[in-house]
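>>> fold the following and give me the result.
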Amino acid sequence: MNQPYNWFYVAMKNWGRYELVGSPADADLVFEISFAAPLVGTEKLLSSAPCLRLEILDAKTHFLLWTIVEPVEGAYRKATWESNFNTGVTNLVSDLKNITGETHVASK
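Got it, this is the predicted structure:
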């Protein structure tokens, strides 16, 4: 499933904060995105909890710096699912912006 990667890539490209490179060997940070739908609940009532997970690693040491998990609301219709998924990616990038402390400072 390439959808999480593709949508995250586009969101990161549009943000423009980081230079995206083709190989982890050329990077300072590695962003690993994945999608999962683990079962949650009790023995009698289980449901899935779809979520996007972003792990940010130091490229040289492979040390995990941050993990961000963002829920994705389920859906029955494809169009609704795509909208919910896009919202999850948008929220993930927003969480990343908060972690980086991005502020817009006027240049002198």
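>>> and the top helix by length along the chain, how far from the chain's centre?
If you go by DSSP state H, the chain has its longest helix at helix 78-100. Distance of helix 78-100 from the chain centroid (C-alpha atoms, centre = their mean, to the nearest Å) equals 7 Å.
>>> mind listing residues that contact it?
3-4, 7-8, 11-12, 15, 17, 33, 51-52, 54, 56, 66, 68, 70-75 (C-beta atoms under 8 Å, 6 or more residues apart in numbering). For every residue, glycine as well, the C-beta is placed using N, CA and C.
>>> the same query, at a cut-off of 10 Å, please.
With C-beta atoms under 10 Å, 6 or more residues apart in numbering as the test, helix 78-100 has contacts from 3-4, 6-12, 14-15, 17-18, 31, 33, 35, 50-54, 56, 65-66, 68-75, 77, 102-103.
>>> which of those residues count as buried?
Among these, the ones that count as buried by 16 or more other C-beta atoms under 10 Å are 4, 7-8, 11-12, 31, 33, 35, 50-52, 54, 56, 68, 70, 72.
>>> those residues in strands, which ones?
Under the assignment DSSP state E, the buried ones among the contacts of helix 78-100 contribute 31, 33, 35, 51-52, 54, 56, 68, 70 to strands.
>>> export those residues to TSV and tack on pLDDT and distance to residue 88?
As requested, these are exported to TSV (pLDDT from 0 to 100; distance: C-beta to C-beta, whole Å):
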residue	pLDDT	distance to residue 88
31	92	15
33	91	11
35	89	9
51	92	8
52	92	5
54	94	11
56	95	17
68	94	11
70	93	5
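>>> from those residues, which single one is nearest residue 43?
Closest to residue 43 out of these is residue 51 (21.7 Å), distances taken as C-beta to C-beta.
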